[in-house]
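okay, sequence plus prediction incoming.
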Amino acid sequence: MADAAPAASKEGEAPTMKVGAEVSPTTGAPAEEKASEAAAAPETPAGPGVASQRPDSVIVKLKAAANAPVLVEKKRKFKLPASNPLTRVVNHVEQLLKEKVQGGTRIFLYVSSAKSNFSPSPDQTVGNLYMCFGRESGKGTAILELTYTVTPSWG
């Protein structure tokens, strides 16, 4: 059986049905109206904890864990281009902790998500990690929070 949609009618009369017209299954409106509603609807973000688009730069916030020395508050937060690999962050943290740890001490970085803590691959870009595990500040700034240690802590 063909779908039917209300046809235009005079004011005050009950609408008549056109045979063969496409109808929206959710609203019952003709397809033309459905298409214009979809075009006017704003895009919704992917959800909490998931970034909606790739930024040019990301603010990295560091947090010490286990027996790692704590950084001065001004040095815990810095901005990097989203295309930089995670090795850049590791090198930066090593430079910041050079005076506080023995030479040759290795730095371990972890992403803390709601489900687990894990060590991302060093060749992952900061932008990719932000897209999966980052958040936006109230001002729309891209933020990626990482935990650092000087001993292996999580998998």
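Thanks, I have it. Numbers count the residues shown, from 1 in each chain.

please enumerate the strands of this structure.
4-7, 16-19, 57-64, 77-81, 108-112, 117-118, 135-136, 142-149 (DSSP state E).

please list the outside residues in contact with the last one.
The one in question is strand 142-149. Where contact means Cβ atoms under 8 Å, 6 or more residues apart in numbering, the residues beyond strand 142-149 that reach it are 51, 55, 57-68, 82, 89, 93, 107-112, 117, 126, 129-130, 133-137, 153. (C-beta placed from N, C-alpha, C; glycine too.)

of the residues you listed, keep whichever come out buried.
Neighbour counting by 16 or more other Cβ atoms under 10 Å classes 51, 55, 57-60, 62, 65, 68, 82, 89, 93, 107-111, 126, 129-130, 133-134, 153 among the contacts of strand 142-149 as buried.

so who does residue 78 touch?
Taking Cβ under 8 Å, 6+ apart, one finds 59, 60, 92 in contact with residue 78.

which residues does the second one form beta bridges with?
The bridge-partner assignment for residue 60, based on DSSP bridges, gives residue 78, residue 144.
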